[in-house]
Structures are given as structure tokens and as C-alpha cells.
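>>> Okay, sequence plus prediction incoming.
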Amino acid sequence: MKPFSFGENWLQYSKIIDETRVKEAEQSLRRLLSRERLDGLSFLDVGSGSALFAVAAVRLGASRVAAFDRDPNSVAAGRMNIGRFLDAASSDRINLRSGDILVAEANPPQYDVVYAWGSLHHTGSMWTAIDNAWRFCSPGGEFVIAIYNRTWFSPSWLWIKQFYNWSPSSFRLVMAGGMTAARGAVRALQFKPPFRVERGMTVWFDAVDWLGGLPYECATVEEVVDFMTERGADLVRKTVTSRSGCNEFVFRKRA
């Protein structure tokens, strides 16, 4: 089985990123952090993918932004988007590099906001990844993570993902197309844009990411909250789902 390349998916998605999608990413950060601006704050994007949210953080005024991803194609996608949506002066405030969150740093630099949305459950060692990412958060800083919710169907999703990755490309296309059509129909019935979703994303690229995304781990809300509480975190807010998608958490590191 060929490993799924998140970076290849991000490269393809980056071709359709436009100003509207960047603004949607900005709005997502405002909602998560419950603030309109990030002026004077430092920001770290862990598992940055397209670097869309690192770009959004710069545009919201963050003074120092760093981002890293272990997939070379993700780093390439991020550099492309930085060049497209930031001017030269703004680009100087962002440092994008290759890096693996599973490789712990002895004295990691500290950031006011550490953002790891939907990336740590794909590392193959989720709890270690969460622990390592948490160490980048400064005292009093905020730690934003989104982790797949554990449900009774989670073992079946693992089998579906494995089947997708073992399948020929033509069959993967059919699976992603079917999932896109089904989700688009549901969104239309909810009077939502059928193929354009929150955070500047699309139903199609979400479907490819979901079906192909291995490694795959998940956790209950209680497991995540308990794990972070043991490490000196206070839960600020959460957005939870009863389905197999992501639960969002914002924690604050005790000073």
C-alpha cells in the first residue's frame, strides 16, 4: 500500500485557493480564538498543510508566525500560498519549514497560539504528538487542536481508509466522488453551499483527505480534556460532534 500523501492533496487544493477562501480561514481563526485580531501575538501552525492558516494569522496581525509539516509537498504548497497571498513585508513575518512533531525538541520556542487543526491524529502516535505540540505553547498561551471523535463506527472508518489506499486510482476516484456527492446533497438539504465548506475548504478535498488519511487515530472528548488537564491546561472552549468528524478544543496553559 502506497502511503497517502497529504501534501499532494494540499497541492491540488492550493490551485483553487482564492481571496475568499483566505478570508474564510481568517474568520475561522477569529471564531476559534474569540478575538478579531492577533496583533502582537506569536503563532505556530503544526502540520501546516497548505499553510492557509499561517497566512491567515499573518493577515490578522500576528507578529511572528511559524509553520512546519513533514510532507515536502505540503511545504511546497505552503510556500506557493505565502507567495500568492502575502506581500514581501508580510512574508518576512512567517517562517515555513519541514519538520516532524514526533521529533521532540529539547528547548522548543514558545508561541502565544499553537494551532494544530486536524493534523496530530495522522501522525501515527497521536498522544505523543499532542504532548510535543503542547510544549511549544507559552504560559498563558492558547493551544488549539482538532481531533477525530471516537464513535462506535471508528473501527469501520479505519477499514474503509485502508481499503481506499489499497484500491487502484480509478476506484479511489469513485469513492471520493460518491462521498462528495452524498455530503453535498446533505448540505444542500440544510440550505448550505453544497460543495464549499467552513474554514475555506471544499467537500471534494475534504473527502480525499478523509478517505486517504492514514495513519488514523481518534479520541473521545473526555480523553482529550483529561489528557490536557493533567498537563496544566484549562479548557477555554470546545465544539463537539456526535459523528466521526473533528472535535475542536481551545486550551490555555496555566501561567
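Happy to help now that I have it. Residues are numbered from 1 along each chain as shown.

>>> domain parsing for this structure?
6-150+218-253, 154-212 (automatic domain parsing).

>>> Between the two ends of the first one, what distance do you get?
This means domain 6-150+218-253. Domain 6-150+218-253 has an end-to-end distance of 30 Å (C-alpha to C-alpha, to the nearest Å).

>>> Just the pLDDT at K2, thanks.
Per-residue pLDDT puts K2 at 66.

>>> next one: the one 5 residues further on
According to the predicted model, the pLDDT of G7 comes to 95.

>>> from what I can see it touches D71, true?
Yes - applying C-beta atoms under 8 Å, one finds G7 in contact with D71, separated by 3.5 Å. Just so you know, the C-beta spots here come from the backbone N, C-alpha and C atoms, and that holds for glycine as well.

>>> Can I get the helix or strand containing P155 as CSV, trimmed to CA atoms?
For P155, the element it lies in under DSSP states H and E is helix 154-166. C-alpha atoms of helix 154-166 as CSV (Å, rounded to 0.1, in the frame of the first residue of the first chain):
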residue,chain,number,x,y,z
SER,A,154,-14.5,4.4,14.1
PRO,A,155,-13.0,0.9,13.5
SER,A,156,-15.0,0.7,10.3
TRP,A,157,-13.6,4.0,9.1
LEU,A,158,-10.1,2.6,9.6
TRP,A,159,-11.0,-0.3,7.4
ILE,A,160,-12.5,2.0,4.8
LYS,A,161,-9.4,4.1,4.8
GLN,A,162,-7.2,1.1,4.4
PHE,A,163,-9.4,-0.2,1.5
TYR,A,164,-9.2,3.2,-0.2
ASN,A,165,-5.4,3.3,0.0
TRP,A,166,-5.2,-0.3,-1.4
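
>>> Please enumerate residues in contact with it?
Residues from elsewhere that reach helix 154-166, judged by C-beta atoms under 8 Å, 6 or more residues apart in numbering: 1-4, 148, 172, 175, 211-214, 216, 218, 244.

>>> rerun at 7 Å
Residues outside helix 154-166 that contact it (C-beta atoms under 7 Å, 6 or more residues apart in numbering): 1, 4, 172, 175, 211-214, 216, 218, 244.
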